[in-house]
Structures are given as structure tokens and as C-alpha cells.
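Novice: Any chance you could fold what I've pasted below:
(chains A and B)
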Amino acid sequence: MKNRQLIVMPWRDNNPVTVQVLGICSCLAVTAQLKPAVVMAASVTVVTALANLIISLMRNSIPPRIRIIVQLVVVSTLVVIVDQVLRAYFYDVSKQLSVFVGLIITNCIVMGRLEAFAMHNPPVPALCDGIGNGIGYSIVLVIVGTTRELLGSGCLWGVPVVEHTGLYNIGYEDNGLMLMPPMALIVVGLLIWAQRSKNKKLQES
Amino acid sequence: MSPSTDKKPPLRRLIESLKPHFSQGGRFASLERTFEAFETFAYTPDTVTRKGSHIRDAVDMKRAMIIVVFALLPALLMGMWNIGYQHYTADIDSLAQASCLMLSGGAFVWHCFLFGLVRMLPLIAVSYIVGLVIEFTFAQLRGHEVNEGFLVTGLLIPMIVPVTTPLWQLALAVAFAVIIGKEVFGGTGMNFMNPALLARAFLFFAYPKHMSGDEVWIAAKAWGNDAITGATPLAELKAGADVHSWSYSLSDLFLGAMPGSCCETSTATILLGGLLLVVTGIASWRIIVGVLAGGGLMGLLFNIIGANSYMAMPFYYHYLLGGFMFGAIFMATDPVTSAQTNPGRWIYGMMTGAFAVLLRVVNPAYPEGMMLSILLMNCFAPLIDHCVVGVNIRKRQRRALRVQQKEGKS
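Specialist: This is a model prediction of the structure:
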């Protein structure tokens, strides 16, 4: 596969969230507002890309028996760095995300790409694959985050946009269910539904 | 269908003359399913199952659903009266109220009923229109029949929400229940949760301001926000009211003259509908008895603990309050989402009742537990059935083994 394809494929036909159904937990946990969702998406993209690159460079010297622990060490190192950067430059968002930054270590997408791709492929394709999957995850997070923040609290990026449209004056109210994790699951489900009904390749018989 | 052509009623003749246009090759062939829905609604279809095993029965799903609608009517009419009664006896003083309270008995009842009718009809209309439009659209898109389950669901939803629910919120809730609760799983019969309760749960979590508290249960004169304060009995109990020094008498509670969701307050009329359902065999009496027993046992258990006045309340009060009886008879018995095996029905019913009372008395956040308890047990119904069937298979296997060993010995 070409590198460009490796980057683009996970956006739609092989999306880590809507097709492989990985990384759902963080998708539910951090998407009540757009801002933390975007920061989370960026962090996961950086970690996936760099972890893929590093593991791919080391792949021939990792003993197969202890490969998971080696992968974990690499991923945790990267996550700690990301965490420190967030604390230094985006303190409020970092506080909002709380434990979920640390939990990137356990994000199935990161481990999944390392095992499935980086262990058997040279560094450049591995980097592309990491970036592609990170972006695929980001797309879903941004869509879910936008939907939930807009319908749940009437804001976008913290700006009260619904207030300006005057909908509240005619009786509109924010949907409290949107702010709860179950609704995030339903929004992801609706995304999967929409994608599968449009894309014939993804339909199971 | 009788083949006599000379004496067909006008409706039949109209349908038959229109049919070619909606069949394959006709001008409106794309609307075949919509036409079929209306045709089979008016007349029993003459198509029969030709393959596989099936039961021959005069009662098909349409007739069953119509009987449920009939069973709902007493509670619906009583609920309409109660909406008016709560409005006119509420703690407000308006000219209309004063003049109404001076009316004689029969006229007062009519006045209350008409007030409730006017407030109920928009809710019912919105629920049916939104739900049926979605049902017809999906049936058309997927090329299956329009199922009549929504005839019941569409009436149940307005019956279990507060009378002041804004119509657009009700419309959203109905759409959510029909699409997420039913159509994504494949339509009627495939859903694992009761769609009517799902609609209520949606409203409850999405717009809690309109589903709980003291200001939603009594309809004000005009549509809108000028709410009348009046707590439900359940909320009063939660706040520490004692049934022994209460403004509600047992007969008030039994007849349903108390604030609450539209049509779920009157235990008397709900029991009347329940009787029809049990006699016609549409609702499982095992589930109903199970729910009552489960709720009663949990109530007795709380009586023994007796840590506060709510726990010490006689257990039969639980049957009369909130949506307990409505849930037991019309919601928990939903043939699609309840347990299908007889022992499973007992377990499912008992646990539903027990959880409902547990949530009511112990959970600090929700005054009523029936909705969440039934939805929870809906999720467990398939598991209960799975276990019951498994136990039965093992029992029969052991019995067969014993018979084999005996024959081997002799």
C-alpha cells in the first residue's frame, strides 16, 4: 500500500472507531465538549504516530515474548511527555481531561496499530499508518464532540452559539441527555449506521 | 373473504378500485406498503402463511393491539377527568375556577373531563403523527409491512408523561423511541426495550425540568410556563410525609385523584383494563402477579427495617402510588420485551416489582422507580429466558439418562 493510502484509508473505510470499533471508551468520556475532545484527539494522534514510528524502528530487536511490555514502555513514555506538555501549556483542558490523558496508554487504537502494523512494517509506512489512524479517531471525536456540545449545552468551543440564534426565546431547551455518556454511544452508533448504509463495502450479509 | 361481489360495502369497493394503482406497475407502486397498511387496517387480509409451521388463530396482531387500546380507554378517560380535577381544585384562585367549583356534581365532572380532553388531545395527536410518519417511512424504505404495534405505543406515550410536557419535546421523544428503540433493531418485535418507556426515559434524562419537581403535574389554564405548584404523592413521601397524617385518603389514591403523569394515577381504571387483558390472554397474568408480589415483598422487607416513615408505610400503598400499577399491567407485560418462558415470567415480574419499590424508597434522586426498573428488567429478560431454557434442557437430559440406565439394568 502507498503511504498516502495508509494515511487516508483510516479516515473512512477503515476508521478505527466506526469500523474497527476501537477506542470507544475515550470517545464517550471526553466528548461532552468540543475543546477537550480536540485536545484528546490531537494527543492520541501524536502518541499513535510516534509510538508506531519508534516501535517500527525497534521491531527487529524486540524479542517476541516480551513485545507487549516493550510497547507499553514506549507508549507510556510518550503519554507522560504529552501529559506534561498539556499541563504546561493547556492547564485548564488538562484538568478537565484528568485521568483520561493517562488512559491513552490503554487506548486500544494505539496498541492495536502497534501489534497489527508497526511490528511488521518499516518506519515510514508505520508513521503514516499512525497519523492516519489518529486522524480517523480525531474525525469521529470532533463530530461527536460538536454534536454533544451544541445540543447538550448550546455552546461550541465554549461560545454560547444557540443563545445568539434566539431559539431559547421560543421555547427551545438544551438536551440534558446529550451530556451523558450513553448518548455519546448512541451518537457513535448513528454515525456507524449512516456510514454503513452509504458504504456498500462495509455491509455484512 | 366472501366472494359475493354484489353486496360489497362501499369501503371495500373503494379499496379494490384503488388497489391496481398501488400494486406493481401502478402509478403509485412506490407507496404499496402504505396502501397495504390502510387496507389491512380496514379488512382482515386474505393472504395466509404457506411455508413452515404456524398457528391458526382468529386473533392476529391488529386485533390484539385493538384490544389493548380498548383496555387503555378507562384509564385514559379517568386520566382526562383527573387533569381537569387537579386544575380546578389546585391552589390557585381564578374566576374560572371559582365558577366551576360552584357547579353541581355531574356538571363539575363534565367540566373537569372536558378540560382534560382539551389538554390530552394535542399530546395524543403529536405522538401518533410523529410515530406513524416514522413507521410508514421505514416500512416504505425497507419494504416490509407497517406493523400496528405503534397503535398502542403511540397511545401509551402521552398517557405516561406529565400533562404540561411541551409538544416539541414529546415529538423528539417519540422519534427517539421509534428510531433508536425499535427501527434500528429491525422494527416491531425486534426491540429489546419497551419503546413507550424509552420515550419517557428520554424525556426524563433530556429535559428533567419538565419531568420532575412540583411544577409540571397540574395543567395551568393557558399553554406555557405559568405552572401550578403541586407535588406528586411520591415526592411528598420522599420529602418525609407520613401516610397516617395525609391529605390523600386510600379511596383518593385508588380512584386516582392525585397529581401525577396524565393517565397513570387511577389504579381502579387500570385494573379494569388489566382484567380485559388477562381475560383475553394478551397480557401474562404471571407477570402481573409477579410484579405485585415482588413489590409487596420488598415493601414488607422495608416495613421490617422501618428506618423512616417511608419505609414504615404499609406495602399496599406502593400499588396505588405513581406508575406502579400502570407499569405492572401495561408496560411490564409487553409481549416483545418481557420474558417468554413461564418460570422466566415469574422471575422477571418479581424482580421488576422489587426493584421499583427499592428505587422509590432508597434512591435519593428519583421519586419513582417503575420506569427504570422495567427498562432494566427488559435488558435481563433474554438472559432469564436463556437460563430457564438451559435448566429445563439439563433436567430433561438427566431424566432421559435415568430412564436409559434403568432400561440397561433390567
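Novice: Please make it C-alpha for all contacts and neighbour counts, starting now.
Specialist: Fine.
Novice: for the most centrally placed residue in chain A, what are its contacts?
Specialist: Nearest to the geometric centre of chain A sits A:Tyr137, at 3.6 Å (C-alpha atoms, centre = their mean). If you count contacts by C-alpha atoms under 8 Å, 6 or more residues apart in numbering or on different chains, A:Tyr137 has them with A:11, A:15-17, A:23, A:41, A:45.
Novice: Could you rerun that using 7 Å?
Specialist: A:16-17, A:41 (C-alpha atoms under 7 Å, 6 or more residues apart in numbering or on different chains).
Novice: Show me which residues of chain A sit near chain B.
Specialist: Neighbours of chain B within chain A, by C-alpha under 7 Å from any C-alpha of the partner chain: A:175-177.
Novice: switch to 8 Å and redo it
Specialist: Residues of chain A lying near chain B by C-alpha under 8 Å from any C-alpha of the partner chain: A:173-178.
Novice: Would you mind giving those as CSV with pLDDT, neighbour count and secondary structure added?
Specialist: Shown next, in CSV, are the residues of chain A next to chain B (pLDDT from 0 to 100; neighbours: other C-alpha atoms under 10 Å in any protein chain shown; DSSP: H, G, I helix; E, B strand; the rest coil):
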residue, pLDDT, neighbour count, secondary structure
A:Glu173, 85, 17, coil
A:Asp174, 87, 18, coil
A:Asn175, 88, 22, coil
A:Gly176, 87, 20, helix
A:Leu177, 89, 21, helix
A:Met178, 90, 23, helix
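Novice: which element is the residue nearest to the centre of chain A on?
Specialist: helix A:123-153 (DSSP states H and E).
Novice: mean confidence score for that helix?
Specialist: Taken as a whole, helix A:123-153 has a mean pLDDT of 91.
Novice: neighbours around the one residue in the stretch 101-250 of chain B that gets nearest to chain A, how many?
Specialist: Per C-alpha to the nearest C-alpha, B:Ala206 is where the stretch 101-250 of chain B lies closest to chain A, at 4.1 Å. Using other C-alpha atoms under 10 Å in any protein chain shown, B:Ala206 is surrounded by 23 other residues.
Novice: which regions of the stretch 1-150 of chain B sit below the pLDDT cut-off?
Specialist: Along the stretch 1-150 of chain B, the parts satisfying pLDDT under 70 run over B:1-6, B:45-49, B:53-59, B:91-98, B:100-101.
Novice: if we can go back for a sec, of all the contacts of A:Tyr137, which comes closest to B:Ile67?
Specialist: Within the contacts of A:Tyr137, the smallest distance to B:Ile67 is 45.5 Å, found for A:Val17 (C-alpha to C-alpha).
Novice: Backbone dihedrals for that closest one, please?
Specialist: Note on A:Val17: its backbone torsions stand at phi -90, psi -50 [degrees, to the nearest 10].
Novice: so it makes contact with A:Cys25?
Specialist: No - with contact defined as C-alpha atoms under 8 Å, A:Val17 does not reach A:Cys25; the gap is 10.2 Å.
Novice: where do the helices sit along the stretch 101-250 of chain B?
Specialist: With helices called from DSSP state H, counting those that start in this stretch, the stretch 101-250 of chain B shows them at B:105-142, B:149-159, B:167-181, B:195-206, B:233-238, B:250-255.
Novice: export the ones you listed to JSON lines and tack on distance to A:Thr165?
Specialist: Output for those, formatted as JSON lines (distance: least, C-alpha to C-alpha, whole Å):
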{"stretch": "helix B:105-142", "distance to A:Thr165": "26"}
{"stretch": "helix B:149-159", "distance to A:Thr165": "30"}
{"stretch": "helix B:167-181", "distance to A:Thr165": "18"}
{"stretch": "helix B:195-206", "distance to A:Thr165": "21"}
{"stretch": "helix B:233-238", "distance to A:Thr165": "37"}
{"stretch": "helix B:250-255", "distance to A:Thr165": "46"}
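Novice: what stretches of the stretch 151-300 of chain B score poorly on pLDDT?
Specialist: B:221-228.
Novice: who's in contact with stretch A:13-32?
Specialist: By C-alpha under 8 Å, 6+ apart, stretch A:13-32 touches A:9-10, A:36-37, A:40, A:97, A:100, A:107-109, A:133, A:136-137, A:140-142, A:144-145, A:148-149, A:152, A:178-182, A:184-185, A:188, A:191-192, A:202.
Novice: Just the buried ones from these, in ChimeraX syntax?
Specialist: To isolate the buried members of the contacts of stretch A:13-32 in ChimeraX, using 16 or more other C-alpha atoms under 10 Å in any protein chain shown:
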select /A:10,36,37,40,97,100,107,108,109,133,136,137,140,141,142,144,145,148,149,152,178,179,180,181,184,185,188,191,192
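Novice: quick one: contacts for the closest residue in space to A:Tyr168 that isn't next to it in sequence?
Specialist: Nearest residue to A:Tyr168, sequence neighbours excluded (C-alpha to C-alpha, 6 or more residues apart in numbering or on different chains): A:Val162, at 7.6 Å. Applying C-alpha under 8 Å, 6+ apart, we find A:Val162 in contact with A:150, A:154-155, A:168.
Novice: when you compare where the helix or strand hosting B:Phe41 runs with where helix B:105-142 runs, what's the angle?
Specialist: Secondary structure assigned from DSSP H and E places B:Phe41 in helix B:32-42. With axes from the mean of the first three to the mean of the last three C-alpha atoms, to 10 degrees defining the directions, helix B:32-42 sits at 140 degrees from helix B:105-142.
Novice: Buried residues of helix B:32-42, list them for me.
Specialist: Buried residues in helix B:32-42 (16+ other C-alpha under 10 Å): B:32-37, B:39.
Novice: Check stretch A:149-161 too.
Specialist: A:149-156.
Novice: can you pull the contacts of B:Phe202?
Specialist: A:177, B:173, B:176-177.
Novice: and these as TSV, adding distance to B:Pro382?
Specialist: As requested, these are exported to TSV (distance: C-alpha to C-alpha, whole Å):
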residue	distance to B:Pro382
A:Leu177	26
B:Ala173	25
B:Phe176	23
B:Ala177	20
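Novice: Which one of those is nearest to A:Ala88?
Specialist: A:Leu177 (33.3 Å).
Novice: Would you map the helices across chain A?
Specialist: In chain A, the segments counted as helices under DSSP state H are A:3-8, A:24-29, A:34-58, A:67-89, A:91-97, A:99-102, A:108-116, A:123-153, A:161-165, A:181-198.
Novice: pLDDT weak spots in chain A?
Specialist: A:1, A:205.
Novice: picking up where we left off before, how much space separates the residue nearest to A:Tyr168 from chain B?
Specialist: 17 Å (C-alpha to the nearest C-alpha, to the nearest Å).
Novice: Of the helices of chain A, which is nearest B:Val216?
Specialist: So among these, helix A:123-153 is nearest, using C-alpha to C-alpha, at 21.8 Å.
Novice: How far off centre is stretch B:153-166?
Specialist: 10 Å (C-alpha atoms, centre = their mean, to the nearest Å).
Novice: check contacts around B:Leu114.
Specialist: Residues near B:Leu114 by C-alpha under 8 Å, 6+ apart: B:80-81, B:84.
Novice: circling back: hmm, A:Pro182 and the residue of the stretch 101-250 of chain B closest to chain A touching each other?
Specialist: No - using C-alpha under 8 Å as the test, B:Ala206 is too far from A:Pro182 to be in contact (11.6 Å).
Novice: if you skip the residues just before and after it, what's nearest to B:Tyr316?
Specialist: Excluding its sequence neighbours, the residue lying closest to B:Tyr316 (C-alpha to C-alpha, 6+ apart) is B:Gly296, at 6.8 Å.
Novice: Over to B:Tyr319?
Specialist: Closest to B:Tyr319 by C-alpha to C-alpha, 6+ apart is B:Met325, at 5.8 Å.
Novice: same deal with B:Met211?
Specialist: Per C-alpha to C-alpha, 6+ apart, closest to B:Met211 is B:Phe204, 5.5 Å.
Novice: and that neighbour, how many neighbours?
Specialist: B:Phe204 has 19 nearby residues by other C-alpha under 10 Å.
Novice: Tell me which residues touch it, please.
Specialist: B:210-212.
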